[in-house]
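>>> Build the 3D model from these lines:
(4 chains)
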Protein chains: 4
Amino acid sequence: MMRAPAYHRWLGIELVSAGGGDVEVRLPYREEFCGDEAGTNIHGGIIATLADIAGCFAVISAVGHDVPTVDIRLDYLRMAPPGETLVAKARAVKTGRTIGLADVEIRLGSGRLIAVARATFMTSAPGRETLIERNG
Amino acid sequence: MMRAPAYHRWLGIELVSAGGGDVEVRLPYREEFCGDEAGTNIHGGIIATLADIAGCFAVISAVGHDVPTVDIRLDYLRMAPPGETLVAKARAVKTGRTIGLADVEIRLGSGRLIAVARATFMTSAPGRETLIERNG
Amino acid sequence: MMRAPAYHRWLGIELVSAGGGDVEVRLPYREEFCGDEAGTNIHGGIIATLADIAGCFAVISAVGHDVPTVDIRLDYLRMAPPGETLVAKARAVKTGRTIGLADVEIRLGSGRLIAVARATFMTSAPGRETLIERNG
Amino acid sequence: MMRAPAYHRWLGIELVSAGGGDVEVRLPYREEFCGDEAGTNIHGGIIATLADIAGCFAVISAVGHDVPTVDIRLDYLRMAPPGETLVAKARAVKTGRTIGLADVEIRLGSGRLIAVARATFMTSAPGRETLIERNG
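Modelled structure (predicted):
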C-alpha cells in the first residue's frame, strides 16, 4: 500500500515499522530533493511530504483504512543537509469516529530533530459520502 | 532563481508573475505526482510543496532576498484529479523586519479551489546570524 | 444563541451581521482584557477567543446548527492597544458534510488588521455519535 | 510577572513550576468560563488562552525575557466539563535567536488530555526594532 502510489515510488519511501498508531518511515536521499541552487538543504516540500505520509500511516495503522488529510501544520527547526536520509516517527494522538490527529517528528540519521508536524485526518469510513464531500 | 533548485526543476514549476508581494505559479502535471494506486488524485505532498514555493516567492517578491520557511499550515478542500495543472496564487499579508506571512490559494485550471495555505517566513536579512540559527 | 453562553456574556460579544457563511462580530474593550502589566496591548487569548467565536458563527450561519471547533491557527500581525473595540469578519470557505473551514480577519475600529485565523469545525449533524466522539 | 497582567488576574492563572524551557500552569474553574447555554463545556477560547500563556512562559523560562506570540495552532480533542481545573504543561522545543517554538498539552485534573497546541514566539531581544515591527 505504501509503495504503490506513483509519488511514493518516485520518492523511495521505506516503511520501517507500523502498528497501533505508531509508524516509522525512512526517506533516503535523491539528488532531485535539493532545495536551493547552492546545494545547502533538502527542499521543505520533501519534508512536508514525508510528514504527511508518516502522519497518514500512523492513523491508518490505528483505524485500518485509508484516511484523507484534512489539514497539516509543519514547523521547520533546522535545515536538512543534502545527502541525508530523513527518518519520520509519527503517532496517532487521537482516532475518533470522524477525525484523527497525528504528531510527527522528522530527524536526520544522527537523531537531530529538523522538523515537527501535526495533522488532522478524516477517519469516517470511506464510501459514498466521503467521495461526495471530497469531490462535491 | 525559481528554476535553479534541483527539486523545482524536477517538479517543472513555472513562475507566471511576481511583484510587490503577489505571485502566481503553475505546476503542470507529471505522472509521478499521482497520490494513490487507483490513480484518483494528485499527492498532498505535491500540493504542500507548491504552496510553500508560492508563499515563499510572494514574500521574496516583497523583501528582495531569500526567506526560510518557519512554519506552514495547509487545508485540503477537495481532491485534485491526476492530469490537472495546478495554479497557486500567493500574497504577502505581512512583511516585517523579522517575520513575513503569506496566504496561498491553489486551484485547478478551471478555477476550482482545492487547497489553501498560510505560512510564516523569516525575513531578517540572510547572513551569519541566520545561518547559525538554522544550523546551530 | 450568541449571547447565551456565560463566557460570551462576560466578554460582551456583539453580533453585527450573519448569514450565508459570512458574519461580523464586535468586541468592545473591557479593562480585564489587558495583556501586560505596562498596559500596552490586549491579550492574545482575547483575540484567539474572538476568532474562534467568529469562525464558528460563520459556519453555523451556513449549516444551521452548532459546530464544535476541531482546530484553529492564529497569526498575530500587530499589537492591539487597550481601549480599542475589536471587529472580526469571518467567512465559511468550505462547509462539507463532516468538515467546515472558516477564515477570520480581526481589525481595530480604524480598519487596521491585527490578526488572521483559520479554523476547522465538525459539521456533521450533532447527535449521539458526535457526543460519543467528543466525550469518549 | 505571570499574575500582573489584568487578564491573567481575572482568569486566576497559577504558575505551578517553571525553568529551563518547561512550565506547568493551572487554571481553576470560574463560572464565566462556560462555553454553551446548556453548561456542558468550558469555552474553547479559555483553553486557547491557557495554551498561549503556558507556551509563552515555557519560552520565557528558557530565554529570560518576554516573547510576543507569532502564531499558534490548537487542536481540541475532547470537551472539558465545567467545574474542572485545567492543567497545562508546556515545553520549549526550540529557542533560536529570532524564533522559539513551544508544545503544550492541556489536561483535566484526572490527567485526561483535552487539547494540544503548538506556538511560535519571537525571541529576538525586545527593543526598538521589535516595537517598530509590532506596531509599525
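>>> do stretch A:38-56 and chain B meet at all?
Yes - using C-beta under 8 Å from any C-beta of the partner chain, a contact is recorded between stretch A:38-56 and chain B, made by A:His43, A:Gly44, A:Gly45, A:Ile46, A:Ala48, A:Thr49, A:Leu50, A:Asp52, A:Ile53. Just so you know, the C-beta spots here come from the backbone N, C-alpha and C atoms, and that holds for glycine as well.
>>> Now do the contacts for the nearest residue to the first one once chain neighbours are set aside.
Excluding its sequence neighbours, the residue lying closest to A:His43 (C-beta to C-beta, 6 or more residues apart in numbering or on different chains) is A:Gly35, at 3.3 Å. The contact partners of A:Gly35, by C-beta atoms under 8 Å, 6 or more residues apart in numbering or on different chains, come to A:Asn41, A:Ile42, A:His43, A:Gly44, A:Gly45, A:Ile46, B:Pro5, B:Ala6, B:Tyr7.
>>> With A:Pro5 instead?
Neighbouring residues of A:Pro5 by C-beta under 8 Å, 6+ apart: B:Cys34, B:Gly35, B:Asp36, B:Glu37, B:His43.
>>> Spatially, which two of the residues you listed are the most separated?
Farthest pair in those (C-beta to C-beta) is B:Glu37 and B:His43. Separation: 11.8 Å.
>>> picking that back up, for the contacts of A:Pro5, give me JSON lines that also has distance to D:Ala115, secondary structure and pLDDT.
As requested, the contacts of A:Pro5 are exported to JSON lines (distance: C-beta to C-beta, whole Å; DSSP: H, G, I helix; E, B strand; the rest coil; pLDDT from 0 to 100):
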{"residue": "B:Cys34", "distance to D:Ala115": "36", "secondary structure": "strand", "pLDDT": "96"}
{"residue": "B:Gly35", "distance to D:Ala115": "30", "secondary structure": "coil", "pLDDT": "93"}
{"residue": "B:Asp36", "distance to D:Ala115": "32", "secondary structure": "coil", "pLDDT": "89"}
{"residue": "B:Glu37", "distance to D:Ala115": "36", "secondary structure": "coil", "pLDDT": "84"}
{"residue": "B:His43", "distance to D:Ala115": "30", "secondary structure": "coil", "pLDDT": "97"}
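>>> Can you go through these and name the buried ones?
B:Cys34, B:Gly35, B:Asp36, B:His43 (16 or more other C-beta atoms under 10 Å in any protein chain shown).
>>> Of the contacts of A:Gly35, which pair is most distant in space?
Farthest pair in the contacts of A:Gly35, by C-beta to C-beta: A:Gly44 and B:Ala6, 13.6 Å.
>>> Which of these two has more residues huddled nearby?
Set A:Gly44 next to B:Ala6 and count neighbours by other C-beta atoms under 10 Å in any protein chain shown: A:Gly44 wins out with 24 against 18.
>>> residues of stretch A:5-16 that come out buried?
For stretch A:5-16, burial by neighbour count (16+ other C-beta under 10 Å) applies to A:Pro5, A:Ala6, A:Tyr7, A:His8, A:Trp10, A:Leu11, A:Ile13, A:Leu15.
>>> Quick check: closest non-adjacent residue to the fifth one.
In space, A:Trp10 comes closest to B:Glu32 once its chain neighbours are excluded; the distance is 4.2 Å by C-beta to C-beta, 6+ apart.
>>> count of neighbours near A:Ala90?
Count around A:Ala90 with other C-beta under 10 Å applied: 29.
>>> So the residue of chain A most remote from its centre: helix, strand or coil?
The centre of chain A is farthest from one residue, A:Ala38, which by C-alpha atoms, centre = their mean lies 26.5 Å away. Following DSSP: H, G, I helix; E, B strand; the rest coil, A:Ala38 is assigned to coil.
>>> In the sheet, which residues pair with A:Ala90? Tell me.
Counting by DSSP bridges, A:Ala90 forms beta bridges with A:Val23, A:Val104.
>>> So A:Ala51: helix, strand or coil?
Here A:Ala51 is recorded as helix under three-state DSSP.
>>> ditto for A:Ile46
Applying three-state DSSP: A:Ile46 is helix.
>>> where's the closest residue in space to it that isn't next to it in sequence relative to D:Gly100, distance?
Residue nearest to A:Ile46 in three dimensions, not counting chain neighbours: A:Phe33, with 4.8 Å by C-beta to C-beta, 6+ apart. According to C-beta to C-beta, to the nearest Å, A:Phe33 and D:Gly100 sit 28 Å apart.
>>> same question, A:Thr85
28 Å.
>>> more neighbours, these two?
Under the criterion of other C-beta under 10 Å, the comparison of A:Thr85 against D:Gly100 puts D:Gly100 first, with 26 against 14.
>>> Verify the contact between that one and D:Arg91 for me.
No - counting by C-beta atoms under 8 Å, D:Arg91 is not a contact partner of D:Gly100; they are 11.2 Å apart.
>>> Any part of stretch A:111-129 near chain B?
No - on the criterion C-beta under 8 Å from any C-beta, stretch A:111-129 is out of touch with chain B, staying 8.9 Å away.
>>> do that stretch and chain D meet?
Yes - contact of stretch A:111-129 with chain D (C-beta under 8 Å from any C-beta) involves A:Leu113, A:Val116, A:Arg118, A:Thr120.
>>> And that stretch, how far out from the chain middle?
7 Å (C-alpha atoms, centre = their mean, to the nearest Å).
>>> same question, stretch A:5-19
Relative to the centre of its chain, stretch A:5-19 is centred 10 Å away, using C-alpha atoms, centre = their mean.
>>> Show the average pLDDT along it.
Averaged over stretch A:5-19, pLDDT sits at 95.
>>> What distance separates the opening and closing residues of that stretch?
Terminal residues of stretch A:5-19 are spaced 20 Å apart (C-alpha to C-alpha, to the nearest Å).
>>> which stretches of chain A have low pLDDT?
Residues of chain A meeting the criterion pLDDT under 70: A:1-3, A:125-136.
>>> How about the residues of it by chain D?
Proximity of chain A to chain D (C-beta under 8 Å from any C-beta) is limited to residues A:Arg73, A:Asp75, A:Leu77, A:Val93, A:Lys94, A:Leu101, A:Asp103, A:Leu113, A:Val116, A:Arg118, A:Thr120.
>>> pretty sure the last one is touching A:Gly100, no?
I take that to be A:Thr120. Yes - if you go by C-beta under 8 Å, A:Thr120 and A:Gly100 touch, sitting 7.2 Å apart.
>>> quick one, helices of chain A?
Counting by DSSP state H, residue ranges of the helices within chain A are A:6-11, A:44-63, A:128-135.
>>> Now do the contacts for A:Leu113.
The contact partners of A:Leu113, taken as C-beta under 8 Å, 6+ apart, are A:Leu77, A:Arg78, A:Glu105, A:Ile106, A:Arg107, D:Val93.
>>> Okay, the last one and chain A: tell me how far apart.
D:Val93 sits at a distance of 7 Å from chain A (criterion: C-beta to the nearest C-beta, to the nearest Å).
>>> ok, the nearest residue to A:Val93 once chain neighbours are set aside - contacts?
In space, and not counting its chain neighbours, A:Val93 is closest to A:Leu101: 4.6 Å by C-beta to C-beta, 6+ apart. Contact analysis of A:Leu101 by C-beta under 8 Å, 6+ apart lists A:Ala92, A:Val93, A:Lys94, A:Arg118, A:Ala119, A:Thr120, A:Phe121, D:Asp75, D:Leu77, D:Val116.
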